[in-house]
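A.B. asks: Just to be clear, the model below is a prediction. Sequence and coordinates:
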Amino acid sequence: MGVLFASLSSQHPSQSRLNANPEVQSDQPQDGVFLLKGVRIVQPDGTPAPAQDLLIQDGQLLPGDTPGAAPSRIIEAEDDWLVYPGMSHASFPVKFAETPDSPYQTRVTDPTTGPLPAMEDGDRGWMRGWLHASDILKWDASSGDGWRQHGFTSAHLLPSQGIIRGHAAWLSLNGLPLGEALLERGGRQVFSLRNQLSRGYPRTPMSALAALRQAALDEELATRFQRYQNADLANLANGIYLANSTREIENVLDLLRDYRNNEDAIIFGGRDAWKHAERLREQNVGVIFVLDLEDEPKSDEKLKLASEQERPYWQPPAALRREQERLHQDEVSAFRKLREAGVRCALCPSGSLKKMQSALKQLRADGLSDFELYQAMSSDVVELIGAPQWRQQAADLIISRGSLDVVDPDLAWVFADGRGWSIAAADDEKDDASDEDDDEEADNQGIAGDWEIHLSTPMGEQEFGFSIDPDSNSIHLFDLSDPYAKESARGIEISGNKVGFSFTPPDMPMEMRAELVIEGDSGSGTITAFGRDMPCEIVRIIEEEDDETEPDDADEDDVPDSELGHPAWPIETPANRIPAHDLDGTVLLKGGMLYPMTGAEPFIGDLFISDGRISVVGGDIHTSVEVPTFDASGWHITPGIIDPHSHLALDSINEGSVAISAECTVGDMIHPESVSIYRAAAGGTTVVQSLHGSANPIGGRAAVWELDYRETSIAGLKLPGAPQGIKFALGENVKQSNWDSNNGKRFPNSRSGVQAVYRRAFTAAKDYSNRRSLAAAGNLPSFRQDVRLEVLADILDGRIHIQCHSYRADELLMFLGICEEFGIRNPTFQHVLEGYKVAPEIAAFGAMASTFADWWAYKFEVYDAIPWNPAMLTKAGVITTINSDSDELIRHLNTEAGKSLRYGELSVNQCLELCTLNGARQLHVEDRLGSLEVGKDGTISVFDGHPLSTWSRCLMTIARGRSLFELAADNDQKWEQYQEEVSSFATKLAAATAAAEQTDAAELADADNNPTVTDPADWEAWTRNGLGHSALIENGTIHTPGQASYQASLLLVDGLISWIGDE
């Protein structure tokens, strides 16, 4: 963090050569006044300045002729020595003591007594704005030794728990106790979208975002109308935000834009930041890129993979290997792309020194120079985070023998805060280092490998696997049934036979911490979650081996020649998903069967979409300019299919810790580029409404968006101008009928309690709306803007429409009564499986229904569901749709709608309305979607046959004239070719197998020459039908496919049917 002077005097009046360069051990620090003679300082452009003298005194770097105490140490520079500022670790790995509960508690409502219509801070465990990381630090002065020898002289510490996590700290790696190493206590505030404490609200990234929005509003209120000081809201500006994925980074950028006035801020993590490079640059948000890279994939040669012509069945196809290599290279290139885009960025190591070295090698191979990498871990870190002004002359520097190699530096000296360490030349240390490496490698071998963990929880015994790689300081977790799908652990600590790591179980918004001790092939420890320690046992996963020792490549050698050359199965990569015709808003389809959904019958004609809107429908259309044109003869073209109820591609669905989570926005959780988006579009769906889950009576706000797999931003996916919806829910889920572990911990626990939630919420919203009006008129300066009540008030004002999860008829009528009481119009019931019982009442109120085609009996409250429900609702005058609520069903909503041809005898147009026009009506976008009319969005689905036929395939989906999906022209050919290759291979294999069996049979026939052959009688139990037994089944019902069933008796003899009759 020091400044190196470009022109300093070359003499010091008190210099003494008697103590120049004595031999001192590198692990022994030297204190005092140092005079560095004839050193060359590397300038910001990477070139060395002329030789000069430097003085290090009282931790500061000064010109060599600065008056003062006589140097206790004079160091003569060698010819190749170059001086660099020391590097800074942006998130140094340390241990923290358990964080105490916040001393700044406020009044809270007991969540078991009723709903919380307004935002509350709860136990404030997630709010730690008052905390300073250095106050709970378990500092080990020796922890910086290895990093210092690599050139790191200072460390930045990030607090590790909560959403508002507290203040970061700067430390010097000077080998001294914390009181003499702490450089800055009150660093930047640190924020996360994950509440690792998992104590109550907020539990999900959705609610974490809402909590941060509320914190920003409360901070503004405190400056405008301060009644008391809120320690958790002090100094929130210019924070560091933990974010890695495209979704998380966009969440942070939106928060900074909408609630924090685009203040100076830093994103820490940044794995996918390059995808938002333009916006990061525009908002001037910096990125500290964490070097969390896997090792470079091994080459086919190192893996000893066979050629495709000799491929064994278990070997991955070459195309899959190339795709894995491409994905890895994208991760490696991410930091370079950030730099090239002009984003302020720096690098932070992840894990061990060895892992950092591996990552730096890959970045260097990607085109970054050693000096660029050095800057990214030194001056760029300091400039981004901002070091204290008084540290500008700090004596933090390294002296390199020659130009600095960031992977394997050859350092002569390291100075941290004025203390010096002399480092022997690399050749001198080689023997000692190799001995230490051998010892370390021996220790690592004891814990490296795959392990199975057995955990006792309140929900019963749980098991999962994890792998340890001490060399890269990495731990990966996996399901024992699928050991190849692994998730990375966090907060990894490996020390001898002790292992600690943090992880988030699948589909569980909680952080768990494992602390394990390993002895040999087993071990034990605890896993901590919800503040509870749960005991666990671990055992090494040992692959079963044959009794006889085989060479390492025995498995490959044992594969018969006849089984080699197994056809490689076709794979699909992102490149395969790019449409052949990349439409950008304009397209002409000629001669297709058009389904206008305007009341007119289908007809053959042309369809012209221009600049994203339908320009002409029908007739023989000719354009004055060349446009993309398709011969649509034989094609069936419908308005784009709409799914009114989806949870597709969401990183978080339910915030169930509170009865009301209206402040949450599901749109924030959309995961762009999820392959599920592409698969849904491939089935003909163009637009979805993403809904919050059904864990609470009032859930989060919905999002309407287009299925554009290639779009990298949430904002680019959303349908512009779509009215806002919100998820409500009734029934078993919200009263927690099936959550025994949560029973009684949150209101409501009864259906009447659900009704009470709505009354209390809307009553509070009315009061809030009145106070909001007073504040807008300037008459209520103490008004607190509340992100939850804002939404509830907007529902009453008609600005947000309701989508209500429902099943039972009595609850449908109850909710209609609530709507009538508070003036809410036109809600849409989701699922509504007993809607047929009260269809006239639903229609009379103007409510709508989105249901399943034929789902029933999957839980108690849906036992009365029937497949005639959509037709009966439609015939009663209810605007009805079919929805998916499933990532699979969304791929064939057209045929789901077609089921009502059979169940209820709806017309073709009525069935198509279930997945097109009526969906647009329920989302309140019927002026733009749902029919083929001039002026509406050019959003269509194209099939190769009738859209309701199960034999039809989707050929193309288009949204506002842009390609979402296009069936590849060689799709069938590719699979037909694979089928032919497999058939040919199977024929060849069958012939080889038959020949081998004949040979075996001949050998087995000569029992004398082969006395070890098993007696054929021993195999009888496995090969003979029935073993001679008989059974008579009397007066049963015989079901023969294609024939009517009938009553008869049946006789089984020796495993075969010998007689069927009625006597």
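C.D. replies: Arrived safely, thanks for sending. Numbers count the residues shown, from 1 in each chain.
A.B. asks: what are the ranges of the strands in the stretch 551-700 of the chain?
C.D. replies: 587-594, 603-610, 613-617, 629-631, 636-639, 641-646, 685-690, 698-701 (DSSP state E, counting those that start in this stretch).
A.B. asks: Pairing partners for the fourth one, with directions?
C.D. replies: What that stands for is strand 629-631. Its sheet considered, strand 629-631 pairs with strand 587-594 (parallel) by DSSP bridges.
A.B. asks: need the helices for the stretch 201-350 of the chain, in chain order.
C.D. replies: 205-224, 246-259, 277-282, 318-340 (DSSP state H, counting those that start in this stretch).
A.B. asks: For Arg953, find the nearest of those helices.
C.D. replies: helix 318-340 (23.7 Å; Cβ to Cβ). No exception for glycine: its C-beta is placed from N, CA and C like everyone else's.
A.B. asks: contact partners of that closest one?
C.D. replies: Helix 318-340 has contacts (Cβ atoms under 8 Å, 6 or more residues apart in numbering) with 270-274, 277, 280, 287, 289, 293-294, 296-297, 300, 305, 308, 345, 347, 362-363, 365-368, 372, 376, 568, 571, 573.
A.B. asks: With stretch 976-988 instead?
C.D. replies: Ser562, Gly565, His566, Pro567, Trp569, Pro570.
A.B. asks: so where do the helices sit in the stretch 551-700 of the chain?
C.D. replies: Using DSSP H, counting those that start in this stretch, helices in the stretch 551-700 of the chain cover 554-557, 675-682.
A.B. asks: same question, the stretch 701-850 of the chain
C.D. replies: 714-717, 751-776, 787-796, 809-822, 839-845.
A.B. asks: Now stretch 803-813: average pLDDT?
C.D. replies: For stretch 803-813, the mean pLDDT works out to 97.
A.B. asks: tell me which residues of stretch 101-116 are tucked away?
C.D. replies: If you call a residue buried by 16 or more other Cβ atoms under 10 Å, then stretch 101-116 has these buried ones: Ser102, Tyr104, Pro111, Pro115, Leu116.
A.B. asks: Determine which two of those are furthest apart.
C.D. replies: Tyr104 and Pro115 (25.0 Å).
A.B. asks: so how far is Glu325 from the nearest residue to Lys355 once chain neighbours are set aside?
C.D. replies: In this structure, Lys355 finds its nearest non-sequential neighbour in Ser472, 4.7 Å apart by Cβ to Cβ, 6 or more residues apart in numbering. Computed as Cβ to Cβ, to the nearest Å, the Ser472 to Glu325 distance reads 19 Å.
A.B. asks: again with Ser1045
C.D. replies: From Ser1045 to Glu325 the distance is 58 Å (Cβ to Cβ).
A.B. asks: Compare neighbour counts for those two and give me the winner.
C.D. replies: Glu325 (14 against 9; other Cβ atoms under 10 Å).
A.B. asks: ranking the helices of the stretch 701-850 of the chain by burial, who's on top?
C.D. replies: helix 787-796 (a mean of 22; mean count of other Cβ atoms under 10 Å).
A.B. asks: what helices or strands is it leaning on?
C.D. replies: helix 205-224, strand 724-729, helix 751-776, strand 800-806 (3 or more Cβ pairs under 8 Å, 6 or more residues apart in numbering; DSSP states H and E).
A.B. asks: Confidence-wise, which helix or strand of this protein is lowest on average?
C.D. replies: helix 554-557 (a mean of 44; mean pLDDT, DSSP states H and E).
A.B. asks: residues in contact with the residue nearest to Lys355?
C.D. replies: Asp295, Gly351, Ser352, Lys354, Lys355, Ser358.
A.B. asks: Trp951 now?
C.D. replies: So Trp951 contacts Gly945 (Cβ under 8 Å, 6+ apart).
A.B. asks: how far away is it from Asp970?
C.D. replies: Using Cβ to Cβ, we find Trp951 at a distance of 21 Å from Asp970.
A.B. asks: With Cys345 instead?
C.D. replies: 41 Å.
A.B. asks: Of the two, which one has the most company?
C.D. replies: Remark: of Cys345 and Asp970, Cys345 carries more neighbours, 24 against 11, as counted by other Cβ under 10 Å.
A.B. asks: residue contacts, the more buried one?
C.D. replies: Gly270, Ala273, Gly286, Val287, Ile288, Phe289, Phe335, Leu338, Arg339, Ala376, Asp380, Leu384.
A.B. asks: buried stuff in the helix or strand containing Leu363?
C.D. replies: Here Leu363, judged by DSSP states H and E, is contained in helix 353-365. Neighbour counts using 16+ other Cβ under 10 Å place Lys355, Met356, Gln357, Ser358, Ala359, Leu360, Lys361, Gln362, Leu363, Arg364 of helix 353-365 among the buried residues.
A.B. asks: Now render the residues you listed as a markdown table, adding pLDDT.
C.D. replies: Shown next, in a markdown table, are the buried residues of helix 353-365 (pLDDT from 0 to 100):
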| residue | pLDDT |
| --- | --- |
| Lys355 | 92 |
| Met356 | 95 |
| Gln357 | 95 |
| Ser358 | 94 |
| Ala359 | 96 |
| Leu360 | 97 |
| Lys361 | 96 |
| Gln362 | 97 |
| Leu363 | 97 |
| Arg364 | 97 |
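A.B. asks: Out of those, which is nearest to Glu790?
C.D. replies: Nearest member of the buried residues of helix 353-365 to Glu790, counting by Cβ to Cβ, is Ala359, at 44.3 Å.
A.B. asks: so what's that closest one up against?
C.D. replies: Contacts of Ala359 by Cβ under 8 Å, 6+ apart are Leu291, Asp292, Leu293, Pro349, Ser350.
A.B. asks: Identify the farthest-apart pair in the residues you listed.
C.D. replies: Leu293 and Pro349 (10.7 Å).
A.B. asks: ok so, going back, ok, the residue nearest to Lys355 to Arg701 distance?
C.D. replies: 42 Å.
A.B. asks: Please apply the same query to Glu220.
C.D. replies: Distance from Glu220 to Arg701, by Cβ to Cβ: 22 Å.
A.B. asks: okay, these two: which has more neighbours?
C.D. replies: Arg701 (24 against 15).
A.B. asks: so the more buried one touches Phe728, yeah?
C.D. replies: No - if you go by Cβ atoms under 8 Å, Arg701 and Phe728 don't touch, sitting 11.3 Å apart.
A.B. asks: Buried ones in stretch 387-395, by neighbour count?
C.D. replies: Ala387, Arg391, Gln393, Ala394, Ala395.
A.B. asks: Closest one of those to Asp79?
C.D. replies: Ala395 (23.2 Å).
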